[in-house]
Structures are given as structure tokens and as C-alpha cells.
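A.B. asks: pasted the sequence and its predicted model underneath.
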Amino acid sequence: MSTTPSKTLDTFPNPQPERDYNIHMRMPEFTCLCPKTGQPDFAELTLDYVPDALCVELKSLKLYIWSFRDEGAFHEAVTNRILSDLVAATQPRFMRLTADFNVRGGIYTKVVAEHRAEGWQAPTPVQLP
């Protein structure tokens, strides 16, 4: 596999497709460019998803995230684009992408985008005493 930026997201079969479980990933080194000024924007991405038949492969995800480094994008647009691409690749039961951008012009921005598969219901959390 190449170590250059790529828009390809590889997947592998979910090892426990009969179970709802959460996969949580932190990507603290996301960068893209401000489409107005060309200056870099930095964010920490957090991905939470309940897989169905497929999981995203980590190296391809790293190279995919890296591919935005030289692209101009508004925070809202890039967050939703990444979520859409991940949903298209993995078809999860549930997926949430949070993009927590560093300050720009004295303003912090956090964008949260979600996907739910039709008919999927989140399990009731267990409350222990």
C-alpha cells in the first residue's frame, strides 16, 4: 500500500456483525486550508460508529484524512464530506463525526454530523448502580 495521500477508503469484514458495538477513533492531526485565505486549519476529528458488515481500515483512513491537507474547505463542508465518504465505504448502522477545529479569528468551531441506517435503533444503555 502506498504512503501518499489517497481518497480511497479500504474496508474489511466486521468480525462481529451480529453485535452492536462502538468503534471510537481520534484523529488529532487533521489539516485543510481555509478557502478564503489559504491558511492552514487544524482540527481533531473524532469518529464513532456502529459497524454493520464492514469496518474502515486504519491505514487507508490515515491516508484519506491526509489527502485534505492541501485542499481548501469550509469546516462544515469538509466534515460532512468526510462523513459521507465514510458512510459510502462502510454502510454503518450508525456513524458520528465530530470535527473540533482550532481557533481562527478568535472563534472555535465544532461541527458534528451523523448518519443512522434506516430502521436502526440504538440499544438502551445499561445503568449500573
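C.D. replies: In hand now; what should we look at?

A.B. asks: send the alpha carbons of the helix ranked longest in the chain over as CSV?
C.D. replies: What stands out as the longest helix in the chain, according to DSSP state H, is helix 75-90. Below are the C-alpha coordinates for helix 75-90, written out as CSV (Å, rounded to 0.1, in the frame of the first residue of the first chain):
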residue,chain,number,x,y,z
HIS,A,75,-15.4,23.4,8.2
GLU,A,76,-19.0,22.4,7.7
ALA,A,77,-18.4,21.2,4.2
VAL,A,78,-15.3,19.1,4.9
THR,A,79,-16.9,17.5,8.0
ASN,A,80,-20.0,16.4,6.0
ARG,A,81,-17.9,15.3,3.0
ILE,A,82,-15.7,13.0,5.2
LEU,A,83,-18.8,11.6,6.9
SER,A,84,-20.5,10.9,3.5
ASP,A,85,-17.4,9.2,2.1
LEU,A,86,-17.1,7.0,5.2
VAL,A,87,-20.8,6.1,5.1
ALA,A,88,-20.5,5.2,1.4
ALA,A,89,-17.5,3.0,2.1
THR,A,90,-18.7,1.2,5.2
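
A.B. asks: now the element after that helix, going C-ward?
C.D. replies: strand 94-104 (DSSP states H and E).

A.B. asks: show me the helices in this structure, by range?
C.D. replies: With DSSP H, the ranges of helices along the chain come out as 58-66, 75-90.

A.B. asks: could those helices go into a markdown table alongside mean pLDDT, mean neighbour count and distance to residue 20?
C.D. replies: For every residue, glycine as well, the C-beta is placed using N, CA and C. Below are the helices of the chain laid out as a markdown table (pLDDT from 0 to 100; neighbours: other Cβ atoms under 10 Å; distance: least, Cβ to Cβ, whole Å):
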| stretch | mean pLDDT | mean neighbour count | distance to residue 20 |
| --- | --- | --- | --- |
| helix 58-66 | 97 | 17 | 21 |
| helix 75-90 | 98 | 18 | 15 |
